[in-house]
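1. Everything below, folded, please.
(one chain, ligands or ions: 2)
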Amino acid sequence: MKLSDRAEEILEAMWIAIAEEGADFAEPERIGIDIGDHSYKELTGLALIEIKEGHIYFRHEGREEGRKTIRRHRLAERLIMDVLMIRGEEGDEKACEFEHLLKEGVDTKICTMLNHPSTCPHGKLIPPGDCCHEARKSGDLGVLPLTEFKPKEEVEIVFIQTDDDKKMQKLMAMGVMPGNRMVLLQTFPSYIFRIGFSEFAIDSNMAREIFVRRLQ
Ligand SMILES: [Zn+2]
Ligand SMILES: [Zn+2]
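-> Ligands and ions are numbered 1, 2, ... in the order given. Sure, this is the predicted structure:
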C-alpha cells in the first residue's frame, strides 16, 4: 500500500495511542494533527480509519497498516542509531525520513540484517514480522548484549553501542569489533572472553554494550 509520508505518520501516532496506550480511539489534538489535514481524506478514502464525533478509529486494515508502519519506523531507528551511529535529534530526524523508504521487502531485509531486533533504541517494542517468527522457530536468538550469554558460548560481534570514544578504543584494541568472533569464558565476577589467542576481562557495564549473536 502506497501512502503519503504524512498519512503514515498519522497511522503511527494512532498505533501508539490505541495499540500501545490502550485508548479506544485517537484524539486529533492529542496526536498533534489537524482534522482538516488532507491526509485524513487519504486514510478515510482507503477505509483505513474512520472519524466519529471528532474521534479517530482504526478500521481493521488501518490497524494492520499502523503496525507495519511503526515497525518500519523502529527498524529505521535501529539502523540509523546502532549501525550508522547517528544519535540524538539528528538520528530521530534521519529515522523519520528513512522509514518511508523501507517498503515491502526492504524492511524484511533490514530486520534480518539487524537479526530481528525486538525493541527500538528507545526501548519500544518493534512489532515482529514473518521473518522474526521464522528466525525464532529456527532457534535463532538474535542479537543480544553479551550479558545474555553463558560461559563456553561462541558468539559473533554485531555492533558496539557506546558513545564513549575511550571505551570504544579500548574494546577495539582487544579485537572487539563487528564481525569478530569471541568465546565467552566467564561471566562472574567479571566477563572474561577469548578473541583469537588472547583473553580479556571487562566489567558487566561494558559487556552490556557489546551486542553479539550466537554462532550456530
Ligand atoms: Zn524509538
Ligand atoms: Zn525479523
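2. remind me which residues of the chain are low pLDDT?
-> Across the chain, the ranges flagged by pLDDT under 70 are 216.
3. So which residues of it form strands?
-> Assigned by DSSP state E, the strands in the chain fall at 49-52, 55-58, 144-145, 154-160, 181-186, 191-195, 198-202, 210-214.
4. In TSV: those, plus distance to Pro121.
-> (Glycine included, C-beta is placed from N, CA and C.) Shown next, in TSV, are the strands of the chain (distance: least, Cβ to Cβ, whole Å):
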stretch	distance to Pro121
strand 49-52	28
strand 55-58	26
strand 144-145	13
strand 154-160	12
strand 181-186	24
strand 191-195	23
strand 198-202	22
strand 210-214	12
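5. most packed of those strands?
-> By mean neighbour count, with neighbours taken as mean count of other Cβ atoms under 10 Å, strand 210-214 ranks first of the strands of the chain at a mean of 21.
6. what's the neighbour count on Ile10?
-> 27 (other Cβ atoms under 10 Å).
7. how close does it get to Gly66?
-> Note on Ile10: its distance to Gly66, by Cβ to Cβ, to the nearest Å, is 9 Å.
8. same deal with Ile192?
-> 45 Å.
9. repeat for Ala26
-> On the measure of Cβ to Cβ, Ala26 and Gly66 end up 10 Å apart.
10. No further questions, thank you.
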